[in-house]
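> below: sequence and its predicted model.
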Amino acid sequence: RAKTERQPICTAFRTKNRMQTQTCRVGRQLRPLFCCTCVPGLLPRLLQLVLIIGHTVAGWPAASLSVPHIPAWGLALFSLGFAWLALWRTRLRLAGVAVMAAGLLSPAVTTPPDMLVSSEARLIAIRSDGFYVQSRSGASRFVLDAWQRYLAAGLPLPLRANGVGIPCDADVCRIQAAGQLALLLRRDVSLEGCGDAVLLVSADPARDVCRTSIPFVDRFSVWRDGAHAIWLTPSGPVILSDRANRGTRPWVPPPPTPRRVVPNLPAAQVDALPAELDQ
């Protein structure tokens, strides 16, 4: 029987590239430095060093920058430019760089919503000179963080009566944008009139709040159609619900219907009328 000797890994695989052979030899020589049995406690120390570097860099000023949300068509444009740059070999491939730049600049030509209403109406955000939020008990922190990343906004500011920013009182806040007025109810109240408002937003049912017929988004609106995004334009408010955005598809659940509970009570007995009334 021929004796089989254990050959070095570089010789066993017979690497034809000289650069690969040299790399393999260098790695074989440095292998004892990363061996936990040869240097006890080295690997945990290296992992701890990686964590220290990560925490230190994350604490630097401007370690992470907030950028506006790229729309779907901008992402598709960037992907097309990247594929063009990767597939072509001639100088025509440089045209993909321009297409990628156009996709990255797409947030500059899109207008983010002026108001956002969560699916339970416990969070209502307003994009004005700051990022104002009306929050109720049980509001989702995850949704608030997602809104901050989507709008590239700073820290959320509370809505306060007689405070700076959006004019508010104890009952209602008045949002002005694009020459339009929208009302945000801060509690379940009834108003005598909505004046020149073109939109009413409330976390409570608001069907009969305004005597005039204006669009509104209230608790029942988000119950039926999910979260809402609102744009205030010179021609009026533009309201986009989650259901309208997803469309009518097999995987989209149907709109909920109110449950009518039929009382399980025995039928009432028929009382006979007096003779003078039974005519």
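Yes, it's here. Residues are numbered from 1 along each chain as shown.

> please name the nearest non-neighbouring residue to residue 173.
Nearest non-adjacent residue to residue 173, counting by CB to CB, 6 or more residues apart in numbering: residue 184, 4.3 Å away. C-beta coordinates here come from the backbone N, C-alpha and C atoms, glycine included.

> now that neighbour: which helix or strand?
Element membership of residue 184, judged by DSSP states H and E, is strand 180-185.

> in the sheet, which strands lie alongside that strand, parallel or antiparallel?
Paired neighbours of strand 180-185 in the sheet (DSSP bridges): strand 172-177 (antiparallel), strand 199-202 (parallel).

> could you list the low-confidence segments of the stretch 1-150 of the chain?
In the predicted model of the stretch 1-150 of the chain, residues 1-24, 26-40 satisfy pLDDT under 70.

> and with 90 instead?
Within the stretch 1-150 of the chain, the stretches with pLDDT under 90 are 1-47, 55, 57-69, 88-91, 108, 128-130, 136-140, 149.

> now do the helices in it.
Here the stretch 1-150 of the chain has its helices, by DSSP state H, counting those that start in this stretch, at 9-12, 18-30, 42-58, 72-87, 95-104, 141-151.

> returning to that earlier point: please identify the most buried of the strands paired with strand 180-185.
Highest mean neighbour count among the strands paired with strand 180-185 (mean count of other CB atoms under 10 Å): strand 199-202, with a mean of 24.

> next one: that strand to chain centre, how far?
Distance, stretch centre to chain centre, for strand 199-202: 22 Å (CA atoms, centre = their mean, to the nearest Å).

> and the next helix or strand past that strand?
Downstream of strand 199-202, the first helix or strand assigned by DSSP H and E is strand 216-217.

> how many neighbours does the residue nearest to residue 128 when sequence neighbours are not counted have?
Leaving aside its sequence neighbours, residue 128 sits nearest to residue 166 (CB to CB, 6+ apart; 5.9 Å). Counted by other CB atoms under 10 Å, the residues lying close to residue 166 total 18.

> and residue 172, what does it touch?
Taking CB atoms under 8 Å, 6 or more residues apart in numbering, we find residue 172 in contact with 183, 184, 185, 186, 189, 191.

> may I see these arranged in CSV, with pLDDT and distance to residue 224 as well?
Formatted as CSV, these follow (pLDDT from 0 to 100; distance: CB to CB, whole Å):
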residue, pLDDT, distance to residue 224
183, 91, 21
184, 91, 20
185, 90, 19
186, 87, 23
189, 78, 23
191, 76, 23
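
> now, of the residues you listed, which are buried?
Neighbour counting by 16 or more other CB atoms under 10 Å classes 183, 184, 185, 186, 191 among those as buried.

> the residue nearest to residue 128 contacts residue 182, doesn't it?
No - counting by CB atoms under 8 Å, residue 166 does not reach residue 182; the two are 10.4 Å apart.

> between the two, what contacts are shared?
The contact sets of residue 166 and residue 182 overlap at 174, 175 (CB under 8 Å, 6+ apart).

> can you get me a residue count around residue 119?
Using other CB under 10 Å, residue 119 has 16 other residues around it.
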